[in-house]
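S.K.: Show me the folded form of this:
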Amino acid sequence: MHYRKRILKEMISAIEKNEKVQENIDLRKAIAELHKVWKFDAIAETIRNCFKRGGFSNQTDAIDSDDEDAIWADLKEKWKTVEGNGRVTDDATLSDILEVDAELLIASYPTDEEILKSLMDNNKGQENDSYSENEDVIQPKPQRTEMLQ
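M.R.: Numbers count the residues shown, from 1 in each chain. As a prediction, the model looks like this:
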């Protein structure tokens, strides 16, 4: 949420200065904003809440802290500013913006067929790499006199 809040603040700042609003965010800009979030905005409670949401906590207390409620209220206020200036198109809502990547596929798991094929390919490679008994001939140790010559 901190990341999106920073982007929204930047949009509002550009609107207030009558500058062009950057519609697309490139990778460099995204990384720079994430760095700022980690450096200035992310606190221990924020990280703790992320782990709770991910199911990595056995505590049953409420996940949302007062800090997150304040951020949410601030975002709503800033969103009204953006909407009021006519910069929002296609009836987009704040929830649409915040949840734009909620259903984004971030990982895929192999199917049973893909796992079997991978195992069979590995087994074929091992068969080709195996050596015959003839290649494994043990050389006798040289005698001391042979080594001195």
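S.K.: How far away from the center of its chain is the helix or strand containing Glu83?
M.R.: Here Glu83, judged by DSSP states H and E, is contained in helix 66-84. On the basis of CA atoms, centre = their mean, to the nearest Å, helix 66-84 sits 25 Å off its chain's mean C-alpha point.
S.K.: what's near enough to touch the closest residue to Lys76 other than its chain neighbours?
M.R.: Excluding its sequence neighbours, the residue lying closest to Lys76 (CB to CB, 6 or more residues apart in numbering) is Leu94, at 6.3 Å. For glycine as for every other residue, the C-beta is placed from the backbone atoms N, C-alpha and C. Neighbour list for Leu94: 75-76, 79 [criterion: CB atoms under 8 Å, 6 or more residues apart in numbering].
S.K.: Which entries within those residues meet the buried criterion?
M.R.: 75, 79 (16 or more other CB atoms under 10 Å).
S.K.: circling back: how far away is the residue nearest to Lys76 from Lys20?
M.R.: Separation of Leu94 from Lys20 (CB to CB, to the nearest Å): 22 Å.
S.K.: Likewise for Leu27?
M.R.: 20 Å.
S.K.: my guess is Glu33 meets Arg6, correct?
M.R.: Yes: if you go by CB atoms under 8 Å, Glu33 and Arg6 touch, sitting 5.4 Å apart.
S.K.: can you map out the helices along this protein?
M.R.: 2-16, 27-36, 44-53, 66-84, 94-98, 112-129, 144-148 (DSSP state H).
S.K.: so what secondary structure elements neighbour the fourth one?
M.R.: Yep, that's helix 66-84 we're talking about. Secondary-structure packing of helix 66-84 (3 or more CB pairs under 8 Å, 6 or more residues apart in numbering; DSSP states H and E): helix 2-16, helix 44-53, helix 94-98.
S.K.: With that, I have no additional questions.
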